[in-house]
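[1] Kindly return the folded structure for what I paste below:
(chains A, B, C and D)
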Protein chains: 2
Amino acid sequence: MSDTETPDATGKAPSIRDVARLAGVSYQTVSRVINNSPQLRPETAAKVRSAIAELKFVPNQAARALATNRSRLIGVLGPRMTTHGTSAMVQAIESVARAAGYRLTLTNLATSAADDVRASIDHLMQQSVEGLIAVAPQTRVVPILDELKLPVPVQIVASTGTSSSHNDQTAGARAAVRHLIELGHSRILHIAGPRDWVEADHRMRGYLAEMDANDLTPRPPVLGDWTAQFGFEAGLELLRTEDATAVFAGNDHMALGFMHAVRAIGRSVPEDISVVGFDDVPESAHLWPPLTTVRQDFAGIGARAITDLLSRLGESSDAVGPSEPDHLRLIVRSSTAPPSR
Amino acid sequence: MSDTETPDATGKAPSIRDVARLAGVSYQTVSRVINNSPQLRPETAAKVRSAIAELKFVPNQAARALATNRSRLIGVLGPRMTTHGTSAMVQAIESVARAAGYRLTLTNLATSAADDVRASIDHLMQQSVEGLIAVAPQTRVVPILDELKLPVPVQIVASTGTSSSHNDQTAGARAAVRHLIELGHSRILHIAGPRDWVEADHRMRGYLAEMDANDLTPRPPVLGDWTAQFGFEAGLELLRTEDATAVFAGNDHMALGFMHAVRAIGRSVPEDISVVGFDDVPESAHLWPPLTTVRQDFAGIGARAITDLLSRLGESSDAVGPSEPDHLRLIVRSSTAPPSR
DNA sequence: TATTGTCGTGTGACCGGTCACGCAACAGCG
DNA sequence: CGCTGTTGCGTGACCGGTCACACGACAATA
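    The predicted structure is shown next:
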C-alpha cells in the first residue's frame, strides 16, 4: 500500500516503450502519435495521449536528433559587446526560432581574435547546429566564417541589415549627415565605431559619401568603441582641436558621451554644436537635449534574419514575404539645429 | 583519379567507427581518446588523434548525451524585457558555463502569464537541460518554478543577488535613500519597477525600510515599467501633484526619464530636485547631470549564479570560493545635492 | 614453470528515438 | 470468391556514442 503515486518510480524518465506498454500498443505507434502521423485511428491516438499525460512523458530530443540526424538547433554567435540592439535582435531571433520548432544555443565571443572566434564556432558546431546566425559580428569574423566553409547555412545579421540586403546599409548614415548639411552645417565630424565592426564601417562610409556628394571635405573619422565613455573623451579632445559645428556619432551612446563633453567645457548642444546619433535606443528621446538619431527596428531585423535562415533550411516561412528594407528612419529631436556662426 | 581529396566524401559526418578504421584500432579506443582516458599507450593515442584530425571528426553530442544520459546543457530562462543588466549577466553566465564544458540554451519569456512561463520551461526541459537558470525573473515566475518541482536544480538570479544570498538585497536601495536623507531631504519619492519583479520589490522595500528607520513617512511608490518613457510620464505627473525634493528611481532608465520631466517643466536637477537611480549602467556617468546611482556588478552576479549552479551539479567549482556579497555600491555624482528649501 | 595482476585494447549490448518494411484486416471490384 | 489496394499497426535494424566486461600480452611473484 505504500506504492508510489506514479506508476513507475524508477527515477528514470519514461521512454516511448513505457508509454507503449501502458497504452497497450507498440512503441512505433507512440512515435506516430508524437509526430502527428495522420494514419492513426483517433481512439488509439487518444489512448496513447492519455498514457503520455499519465507518465508525463516528454520525448528525448537527443535520441530524436541522433535518429533523424536533425538537431533543430540554431547556433547564435553573439557579439563581444552586448548592446541594446544586439539583445533586442537575439530576443527576436529566439521567439521566431522557437515558434518554428527550433531551439537556440548561444555563445558569445570573448575577443575577436581568430583563434577565439574559431573556438566559439567549434563549440557551436559540436552541437551539430543546423544553422548559424552571427549577430553584429566584427568584420574580421566574417572572413573566418567564410574560410571555414561550414556545412550549414550561416546568416550574418548586422544591425544595419542582413547580409542579403546590403544595398541600404549606408542610407541611414547618409540621411543623418544630410540632415546636418541641410541645416547649414559644413564642418561635420564623425565619431565612428570600432574599425572592425560591419556597422561602423557602413556608417562611416555613409558619412564620407554624403559629405562628398555635397562637396564638403570630411574630416578623418575618430574610431571609438561604441561607449559613452569614449564619446566623452573623444569629445574633449575634438572640441579642443577641431573647429566643427556638428558631429555625427556612430551610435547613440557615443553621442551621449560627446554631449557630456560639450557641456563639460561650458558649451551647449545644439546652440554651439549639433549632435546626431544612431540606433535610437529607448533612452535617446529623454536625454538632454533629446537626441536626433537614426532609428532602427532591431526586432524586425532579427526576425528577418532568422526567417531568412529558416527558409534557407527549407522551412516554409509562414508568409513573411521578402525582406522589406525600409527599417532606417531619421528621428529629428532637439540635439540638432542650424549653426549659429 | 577524380577521387575526392578527403578519404570519405559520403557527405555524412565521420563517426568514431570511421576514425577507428583509419587508425587501425577499435572504436572503443577512439572513444577513450576523445575522453582522455589515462589507460592508453601514447603512440596509440597519437595515431587516433591524427586520424581524427584527418577526418575532421567531431564527436556527436546528441549520441553522447543519449548514451551517458547527460546533456551538459543549461537552460537560460531570460526575462521578458532585456536590459543592460540582464544581457551582461547572460554573457557572464555563458562564458563560465562554456569554460566548464556546458552549453547554453536560451529562451525568453514572451509574457509573464503562467501558461507562457510553463511553455518556456517545457521548451527548456524538452531539451533535457541539467540545470535551469532564471535571469531576473518576475516574482510570479518563481512560484511557478517551485510548483513545477523540476527534476533539475534551478538557480534564480535577480540582479540584486542570487537566491542563495537574500540578505543584502535591499541594502543598495537603503544606501541610496540614506544618501538623500543625509543630504537633508525628507520628502523623498520612489518610482518603483513593475510590481512583479523581484528586484523592484526589494528596492521598494529598501526605500520603505530606510524611510521608516529615519522616521520619515514614505509616499506610496509609483509602479513603473523600467523604461525612461515611464520615468518621464510619471515625472510630469508627480511634479504636478507631489511636493518632493528628491526621487529615488528603481533603475537608471526611469531616473533618466524623470530628469527629462524635471527639465520639461523648467526646473532643474539637482537644484530643485535630487535624483538617484539604480544599476549604474555605463551611460549614467554621462547623463546631464551625471546620475547618482547604485552600482551593480552584473557580470559578477551572473558568474556567481552559474558557478553556484555548476557546483550544485557536482562540478568542482574551480576555486571560486563562496559568494562574496558586497557587489552593491553607491556612486555619488551630481544629480543629488542638499535641498534648496 | 605455473599463477596472479596489471595494462592496453576489443566485443556486444544499450541509450531512446526513427525509418523501412512486414503483415493482418477489411473494403472495393470484377 | 479470389484479387488487389488501403488502412492501421507492429518488428527489426540503426543513428553514434558509452558502458560493462572479456581477453591477450607481459611482468612480477611463488
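
[2] quick one, what contacts residue A:148?
    A:118, A:121 (CB atoms under 8 Å, 6 or more residues apart in numbering or on different chains). Quick note: C-beta positions are derived from backbone N, CA and C, even for glycine.

[3] Residue A:241 and residue A:268, how far apart?
    The gap separating residue A:241 from residue A:268 is 19 Å, by CB to CB, to the nearest Å.

[4] So which of those two has more stuff around it?
    The residue with more neighbours, out of residue A:241 and residue A:268, is residue A:268; 12 against 8, by other CB atoms under 10 Å in any protein chain shown.

[5] for the more buried one, helix, strand, or coil?
    The three-state label given to residue A:268 by DSSP: H, G, I helix; E, B strand; the rest coil is coil.

[6] I figured it hits residue A:262, correct?
    Yes: shown here, residue A:268 and residue A:262 form a contact pair, counting by CB atoms under 8 Å, at 6.5 Å.

[7] most centrally placed residue in chain A?
    With distances taken as CA atoms, centre = their mean, residue A:89 lies nearest the centre of chain A, 3.4 Å away.

[8] Looks like it contacts residue A:134 (just checking).
    No: in terms of CB under 8 Å, residue A:89 does not count as a neighbour of residue A:134; the distance is 11.0 Å.

[9] residues in contact with residue A:335?
    Contact analysis of residue A:335 by CB under 8 Å, 6+ apart lists A:255, A:259, A:269-270, A:274-277, A:287, A:289-292.

[10] Which residue is the nearest non-sequential neighbour of the residue nearest to the centre of chain A?
    Excluding the flanking residues, the one nearest residue A:89 by CB to CB, 6 or more residues apart in numbering or on different chains is residue A:302, at 3.4 Å.

[11] which intervals of the stretch 1-150 of chain A have sub-threshold pLDDT?
    For the stretch 1-150 of chain A, the stretches with pLDDT under 70 are A:1-11.

[12] Near DNA strand C, which residues of chain A are found?
    Neighbours of DNA strand C within chain A, by CB under 7 Å from any atom of the strand: A:12-13, A:15-17, A:27-28, A:31, A:34-35, A:57, A:59-60, A:63-64, A:66-68.

[13] Now, of those, which are buried?
    Taking 16 or more other CB atoms under 10 Å in any protein chain shown as the criterion, what is buried in the residues of chain A next to DNA strand C is A:15-16, A:31, A:34, A:57, A:59-60, A:63-64, A:66.

[14] Report the closest residue of the stretch 101-250 of chain A relative to DNA strand C.
    Closest to DNA strand C within the stretch 101-250 of chain A is residue A:101: 12.3 Å, counting by CB to the nearest atom of the strand.

[15] quick one: secondary structure of that residue?
    coil.

[16] what's near enough to touch it?
    Going by CB under 8 Å, 6+ apart, residue A:101 touches residue A:72.

[17] hmm, 6 Å instead?
    Residue A:101 makes no contacts at all, as judged by CB atoms under 6 Å, 6 or more residues apart in numbering or on different chains.

[18] What's the separation between it and residue A:224?
    Counting by CB to CB, the gap from residue A:101 to residue A:224 is 41 Å.

[19] In chain A, what residue spans correspond to strands?
    Per DSSP state E, chain A has strands spanning A:73-78, A:103-108, A:131-135, A:154-158, A:161-162, A:188-192, A:222-223, A:246-249, A:274-276, A:293-296, A:328-331. These are given in chain order.

[20] Between these, which one is closest to chain B.
    Counting by CB to the nearest CB, chain B lies closest to strand A:103-108 out of the strands of chain A; the figure is 4.7 Å.

[21] Tell me what angle the closest one forms with strand B:73-78.
    For strand A:103-108 against strand B:73-78, the angle by axes from the mean of the first three to the mean of the last three CA atoms, to 10 degrees is 90 degrees.

[22] So strand A:103-108, near chain B or not?
    Yes: Strand A:103-108 lies within reach of chain B by CB under 6 Å from any CB of the partner chain, at A:103-106, A:108.

[23] now, among those, which is nearest to residue B:152?
    Nearest to residue B:152, judged by CB to CB, of the residues of strand A:103-108 next to chain B is residue A:103 at 16.5 Å.

[24] Neighbours of residue A:91, how many?
    Using other CB under 10 Å, the number of residues around residue A:91 comes to 24.

[25] How about residue A:306?
    Residue A:306: 32 neighbours (other CB under 10 Å).

[26] Next, the contact list for the nearest residue to residue A:76 once chain neighbours are set aside, please.
    Take residue A:76 and drop its neighbours on the chain: the residue closest to it by CB to CB, 6+ apart is residue A:106, 4.9 Å away. Shown in contact with residue A:106 (CB under 6 Å, 6+ apart): A:76, B:94, B:104, B:106.

[27] Any of these buried? List them.
    For these, burial is judged from neighbour counts taken by 16+ other CB under 10 Å, and it is met by A:76, B:94, B:104, B:106.

[28] The last one and residue A:268, how far apart?
    As judged by CB to CB, residue B:106 and residue A:268 stand 43 Å apart.

[29] Restrict stretch A:139-154 to CA atoms and write it as CSV.
    Extracted as CSV, the C-alpha positions of stretch A:139-154 are listed here (Å, rounded to 0.1, in the frame of the first residue of the first chain):
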residue,chain,number,x,y,z
THR,A,139,34.3,42.4,-39.8
ARG,A,140,37.2,40.1,-39.1
VAL,A,141,34.8,37.4,-38.0
VAL,A,142,33.2,37.3,-41.4
PRO,A,143,36.2,36.1,-43.4
ILE,A,144,36.7,33.4,-40.7
LEU,A,145,33.2,32.2,-41.2
ASP,A,146,33.7,32.1,-44.9
GLU,A,147,37.1,30.4,-44.8
LEU,A,148,35.7,27.7,-42.5
LYS,A,149,33.2,26.6,-45.2
LEU,A,150,30.8,25.4,-42.6
PRO,A,151,28.5,22.7,-43.7
VAL,A,152,25.5,24.6,-42.5
PRO,A,153,23.9,27.9,-43.7
VAL,A,154,25.3,31.0,-42.0
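
[30] List phi and psi for the one residue in the stretch 201-341 of chain A that gets nearest to DNA strand C.
    Among all residues of the stretch 201-341 of chain A, residue A:314 sits closest to DNA strand C, at 14.1 Å; criterion: CB to the nearest atom of the strand. Here is the backbone geometry of residue A:314 (degrees, to the nearest 10): phi 80, psi 20.

[31] again, but for residue A:69
    Here is the backbone geometry of residue A:69 (degrees, to the nearest 10): phi 60, psi 30.

[32] Count the neighbours of it for me.
    By the measure other CB under 10 Å, the count of residues near residue A:69 is 11.

[33] related to what we said a few turns ago, the residue of the stretch 201-341 of chain A closest to DNA strand C - how many residues pack around it?
    Counted by other CB under 10 Å, the residues lying close to residue A:314 total 9.

[34] Now do it against residue A:153, distance only.
    For residue A:314, the distance to residue A:153 equals 10 Å [CB to CB].

[35] Residue A:17 now?
    According to CB to CB, residue A:17 and residue A:153 sit 36 Å apart.

[36] Kindly report the residues of chain A close to chain B.
    Counting by CB under 6 Å from any CB, the positions of chain A adjacent to chain B are A:58, A:61-63, A:65-66, A:82, A:87, A:91, A:94, A:103-106, A:108, A:126-127, A:228, A:232, A:256-257, A:260, A:282-283, A:286, A:288.

[37] Just the buried ones among the residues you listed, please.
    Judged by 16+ other CB under 10 Å, buried ones among those: A:61-63, A:65-66, A:82, A:87, A:91, A:94, A:103-106, A:108, A:127, A:228, A:232, A:256-257, A:260, A:282-283, A:286, A:288.

[38] Up against DNA strand D, what does chain A have?
    Contact residues (CB under 7 Å from any atom of the strand) of chain A with DNA strand D: A:20, A:24-29, A:39-41, A:43-45, A:63, A:66-67, A:69.
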